[in-house]
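Participant: Here is a sequence with its predicted model. Questions after.
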Amino acid sequence: MNEQMPMGLTPEQLKAMQDKEKAKEDAWLAQYIEENPDKFKEIAAEDRRECGPEIAEFETMLYVFEKEYSLEILNAITTSEEAFNHPIREPANLALKPIVAKFNSIKDETDISPEKLNELNMRRKKLVNAVGFINGGEFDKNIQRKVNGGKVEHNR
């Protein structure tokens, strides 16, 4: 009853390989943070930009995304096979990256209120969950994120 995983790996071998890769990524990230501490400093409140223009830009990005990519179609993609093969999902995933980057910029660099940040986060989350994630070959749409005190926390 020892089923083989793709590429002839057992589940244990696949898990060990994934753990080893994650350890490499974690080590690289730790080294990057150590070598680039200025990129991870919190911006003082008095040095933060006014959020209004960036919120307007973010909202335009959301509008354009929703016009270009049907959330109904994206939400209908539920399996790994559909995620890998559906022609709209990967372009939507790529189009989502600048939206997430803009959200993070607003969160980290502007004077946005916690209430408005949570509102924008809910709108961002709607798109992120519609597109879903592929992690380790598995497709997941149930990733929940919330903003807590200016930090995004990941919950499954």
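Facilitator: Ah, there it is. Please read all numbers here as calculations on a predicted model, not as lab measurements.
Participant: Distance of the closest residue to K126 other than its chain neighbours relative to L96?
Facilitator: Distances taken as C-beta to C-beta, 6 or more residues apart in numbering place L71 nearest to K126, at 7.4 Å, with adjacent residues excluded. The C-beta positions use only the backbone N, C-alpha and C, and glycine is treated the same way. L71 sits at a distance of 12 Å from L96 (criterion: C-beta to C-beta, to the nearest Å).
Participant: Residues in contact with both of these two, list them for me.
Facilitator: L127 (C-beta atoms under 8 Å, 6 or more residues apart in numbering).
Participant: These two: which is more packed in?
Facilitator: Neighbour count, other C-beta atoms under 10 Å: between L71 and L96, L96 has more, with 19 against 15.
Participant: The residue nearest to K126 reaches A130, doesn't it?
Facilitator: Yes - here L71 reaches A130: they are 4.9 Å apart, a contact under C-beta atoms under 8 Å.
Participant: other SSEs contacting the helix or strand E59 falls within?
Facilitator: Assigned by DSSP states H and E, E59 belongs to helix 52-68. Here helix 52-68 is seen to pack against helix 89-109, helix 114-131 when contacts are counted using 3 or more C-beta pairs under 8 Å, 6 or more residues apart in numbering; DSSP states H and E.
Participant: possible to save those helices as TSV with distance to K20?
Facilitator: Output for these, formatted as TSV (distance: least, C-beta to C-beta, whole Å):
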stretch	distance to K20
helix 89-109	26
helix 114-131	28
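Participant: Give me the neighbour count for N129.
Facilitator: Neighbour tally, N129, other C-beta under 10 Å: 18.
Participant: what pLDDT does the closest residue to it other than its chain neighbours get?
Facilitator: Excluding the flanking residues, the one nearest N129 by C-beta to C-beta, 6+ apart is K141, at 5.5 Å. Reading off the confidence values, K141 has pLDDT 80.
Participant: Thanks a lot, see you next time.
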